[in-house]
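S.K.: pasting the structure only:
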C-alpha cells in the first residue's frame with residue numbers, strides 16, 4: 001500500500017527556479033514507517049542538514065566519501081548526470097559545480113520535502129529536480145552518461161533495492177558509469193564491528209544486507225554491466241562500487 005504525500009512540489013526545478021507545473025507524489029510505506037523522522041519531518045530535516053551531524057554519523061568520513069564519489073566523475077563533468085535521491089550536506093552543490101556549460105545534473109527523490117530542501121542549497125549549474133521513485137524512474141532508456149547513488153541502498157528493502165539498481169542501469173547509456181557509495185562489512189578487528197549492527201538494528205533495519213552480500217549480487221541477470229570495481233574505506237566500513245555498462 002502507498003500513500004499520497006501531503007507536500008506539494010513542482011515536478012522540476014531548473015537553474016534554481018521552480019517550474020510552474022505542480023504534481024502530487026507517493027511516499028512508499030517503508031519510508032514513512034522507518035525513516036519519517038530523518039527524511040519527512042521538518043525538524044528531522046533541519047537537524048540532519050548540518051555538516052557536523054552527517055560527518056559524525058559517518059564517523060568523520062563524510063568529506064572523504066563525498067570526494068571519492070566526485071573524483072570518480074572527474075573535476076569537469078560533461079553530458080547528463082543522474083543523482084538518485086537527495087543527500088544531506090554539500091555533495092550535490094559540489095557535484096553541480098563540476099558540470100560544464102551545457103551539461104546537466106538531474107536529481108530524483110520521492111519525498112518533496114527533500115527536493116525543496118535541496119532546491120535551497122543549489123546556486124550553480126543547470127540542475128533539474130524530479131519527484132520520482134528510484135525503483136520506478138520515468139526516464140527513457142540510456143538517458144544518462146553517469147549515475148550516482150550515494151548512501152541510498154542501505155535504506156531500501158531488498159526488493160526495492162534490486163529494482164532501483166535495475167532502473168539505474170536501464171537509464172544509463174552503454175559505456176556509462178554507475179557509482180555507488182554505501183556501507184560495507186568491516187575487517188574483523190574494526191573497533192566499530194560490534195557497535196554498528198546495534199545501530200543498524202535500531203535505526204537502519206536494511207543496512208546489514210550490505211554486510212552479507214555484494215552490491216553486484218543485486219544486479220539482475222539481464223542487466224549485467226561490462227565491469228565492476230570496488231574500493232573500501234575506513235577499515236572496510238564503507239565502499240565505493242563502480243559499474244561500467
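M.R.: Done, it's in. These numbers were taken from a predicted model, which means no experiment stands behind them.
S.K.: now do the helices in this structure.
M.R.: 29-34, 42-48, 51-57, 62-73, 91-97, 112-121, 158-171, 196-203, 209-212 (DSSP state H).
S.K.: in a markdown table, list those along with mean neighbour count.
M.R.: Placement of C-beta: from N, CA and C, glycine included. Formatted as a markdown table, the helices of the chain follow (neighbours: other Cβ atoms under 10 Å):
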| stretch | mean neighbour count |
| --- | --- |
| helix 29-34 | 15 |
| helix 42-48 | 13 |
| helix 51-57 | 14 |
| helix 62-73 | 17 |
| helix 91-97 | 20 |
| helix 112-121 | 20 |
| helix 158-171 | 20 |
| helix 196-203 | 13 |
| helix 209-212 | 16 |
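S.K.: now these as JSON lines including distance to residue 237?
M.R.: Listed next are these as JSON lines, based on distance: least, Cβ to Cβ, whole Å:
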{"stretch": "helix 29-34", "distance to residue 237": "21"}
{"stretch": "helix 42-48", "distance to residue 237": "20"}
{"stretch": "helix 51-57", "distance to residue 237": "12"}
{"stretch": "helix 62-73", "distance to residue 237": "10"}
{"stretch": "helix 91-97", "distance to residue 237": "18"}
{"stretch": "helix 112-121", "distance to residue 237": "25"}
{"stretch": "helix 158-171", "distance to residue 237": "19"}
{"stretch": "helix 196-203", "distance to residue 237": "7"}
{"stretch": "helix 209-212", "distance to residue 237": "10"}
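S.K.: out of those helices, which is closest to residue 143?
M.R.: Among these, the nearest to residue 143 by Cβ to Cβ is helix 158-171 (4.9 Å).
S.K.: and the closest one, how far out from the chain's middle?
M.R.: 12 Å (Cα atoms, centre = their mean, to the nearest Å).
S.K.: kindly report the same for stretch 36-55.
M.R.: On Cα atoms, centre = their mean, the centre of stretch 36-55 falls 15 Å from the chain's centre.
S.K.: could you pull up the mean pLDDT of that stretch?
M.R.: For stretch 36-55, the mean pLDDT works out to 97.
S.K.: what's the burial count for the closest residue to residue 234 other than its chain neighbours?
M.R.: If the residues on either side of it in the chain are set aside, residue 234 comes closest to residue 61, at 5.3 Å by Cβ to Cβ, 6 or more residues apart in numbering. Using other Cβ atoms under 10 Å, residue 61 has 15 neighbouring residues.
S.K.: contact partners for residue 61?
M.R.: Counting by Cβ atoms under 8 Å, 6 or more residues apart in numbering, residue 61 touches 55, 233-234, 238.
S.K.: what's the burial count for residue 139?
M.R.: Neighbour number of residue 139 under other Cβ under 10 Å is 17.
S.K.: repeat for residue 230
M.R.: 14.
S.K.: so it sits against residue 241, correct?
M.R.: Yes. Using Cβ atoms under 8 Å, residue 230 is in contact with residue 241, at 4.9 Å.
S.K.: what about the protein, any weak spots by pLDDT?
M.R.: By pLDDT under 70, the low-scoring segments of the chain are 1-25, 124-125.
S.K.: tell me where the longest strand sits in it.
M.R.: strand 172-183 (DSSP state E).
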